[in-house]
Every structure is written in C-alpha cells, then in structure tokens.
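In: Pasting a predicted model and its sequence here:
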Amino acid sequence: MSSIHTERPAFDNRQAAAAHHLGQAFGAVDAAPAVDDETKPKVWHFASSVDARAAADRGQVKDRDILVVESERVVGFVVIIRPVAITDRHGAFSPHSHLPKPAREFCRGDYAFSAERAEQIAIDLGCALADPCAAEAARIATGKPVPIEIPRLLVEPGDILFAFGSRLRVHDTGTRVDAETGQSEWWVDVEGATEEDSRRTYRGRWNFAVPVETAAWDIVTVERTLENASA
C-alpha cells in the first residue's frame, strides 16, 4: 500500500512554527503586485506595542500606516494587518528580520514611503534602527552626523574624533615641524564632545600630535555630517 504525504519542517515549539509561517506570509506579500494607493499612510501613537498590535488586529489602522510606541522605543509600519518594527526593539511587533527584504525594498518598494517615514521618526526619537544601512541613510537624509573611517590626515574641523576612549570635537588641525626635534607632525586641537568626554580626558580645549610618518598610515573613526546625494 502506498501513501501520499506532504513533507513539512519540524519545529521545536509553536513560536518557531509561527515565525516560519509568518515569514511565508511576508514572502507572499512581497511577491504580490504593488497596489496603487495614493493615500499617504497615517502616523499613530500608542501607549504600548500590545495596544498597537490590537489596533491592527481590529483593523483600526490600515496597511502601510506607521505605528509609534515611544515608551518602548518601538517604531514600525503595518504590513496588511501585521505591525513590523524597523527599530532594533520590536515589542509585540514582528521583528524587522521577518521581512524577506530590507523594509525599503519590500514588495518592490511599495512600502518605501512608510519605511522611510518610520525611520525618520525613529531617528528623531533617538531609537536604534534594526537595519544598519537604513540607519546610516536616515541619518544622512536628516543631516545628522554618521561614523566613518578615514585616514588621520583627512580629519577636518567640525569632525567628532574617536580617540582615548572618548569623542573629541575637532576645532582645528594641520601639520607642522616641531622646533625642537625638527620632526614633521600632524596636530589637532580638540575638546570633549560631552561633559563625560571632558572628564575622561581634559576640561576645555587641548591638543595632541602624532608624527606625520605615523599619521600617514593611521585610519581613525570620526562622526561627520555627509552631503545627502539625493538632495
């Protein structure tokens, strides 16, 4: 006697099974044709992510609407009837990792407006985004500094230099020849970016120098406001 059966993956618990089926559902949405919807998504604020998810379950918020739960530092948008977080914290929302693609690319970009608006709100609230690439793009778009790695000799006034376990605001920098040693050196005039940074180093402005032959090979991290290419 023969039998016909469909193979199904085995799961250790219901939560794992639910996550698998949720991923399948998001994948199906991603493959669906884009919907022509000229109505801009609304932004809703909730006391908790549980309340926000309940509102989605009851249909009180619509597909693509943006949900904000400032108390939990959770921001996301609605995919059909399921809230998906774009922040690293997700509360009762589905995590960003359940999407088959980055939020801006999901469903052939049909949710791009919602994702970008949600990212801007999250950045303004100081929430960390789940997607590092989106975090950097959002900070650039809103004119906020982003960390970059550059040669030490390319540090500029206005940069925030990471050094001595602190963030140091650069006031001036350049090269010079030390009068005593005759050695060329790169120098920088800095002060702590915050009171805590000043306590870790020195209060007020101070400077330090590095031999040019060493500085020429150094790679340092700075925070810098980058030009928005799309502007």
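Out: Here it is on my side, so go on. Numbers count the residues shown, from 1 in each chain.

In: G158 should be in a strand, yeah?
Out: No: counting by DSSP: H, G, I helix; E, B strand; the rest coil, G158 is not part of a strand but coil.

In: And the pLDDT at it?
Out: With respect to pLDDT, G158 scores 93.

In: Settle this for me: it is touching V222, isn't it.
Out: No: G158 lies out of contact with V222 (CB atoms under 8 Å); the separation is 9.5 Å. Yep, even glycine has a C-beta here, placed from its N, CA and C like the rest.

In: Tell me which of these two has more neighbours.
Out: Neighbour tally, G158 and V222, criterion other CB atoms under 10 Å: the higher count belongs to V222, 23 against 13.

In: Identify the residues contacting that one.
Out: If you count contacts by CB atoms under 8 Å, 6 or more residues apart in numbering, V222 has them with 147-148, 150, 155, 159-162, 170.

In: now K62
Out: 41-42, 78.

In: Now rank these by neighbours and give me the top one.
Out: If you count neighbours using other CB under 10 Å, the busiest of those is V78, which has 25 neighbours.

In: ok, for R73, nearest residue in space, not its chain neighbours?
Out: Across the structure, with CB to CB, 6 or more residues apart in numbering as the measure, the residue nearest R73 apart from its sequence neighbours is C127 (4.6 Å).

In: For that neighbour, grab the count of nearby residues.
Out: Here the count is done by other CB under 10 Å, and C127 has 24 residues near it.

In: Now the lengthiest strand in the chain: buried residues?
Out: Of all the segments assigned as strand in the chain under DSSP state E, the longest by residue count is strand 166-177. Judged by neighbour count using 16 or more other CB atoms under 10 Å, the buried positions of strand 166-177 are 166-170, 173.

In: Name the nearest of those residues relative to R53.
Out: If you rank the buried residues of strand 166-177 by distance to R53 using CB to CB, R167 comes first, at 37.5 Å.

In: The closest one reaches P145, doesn't it?
Out: No: checked against CB under 8 Å, the pair R167 and P145 is beyond contact range at 10.4 Å.

In: what's the overlap in contacts for those two?
Out: 160, 223.

In: re earlier: just put the contacts of V222 in TSV and tack on distance to E119.
Out: Below are the contacts of V222 laid out as TSV (distance: CB to CB, whole Å):
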residue	distance to E119
P147	17
I148	19
I150	25
V155	29
D159	24
I160	22
L161	27
F162	24
V170	28
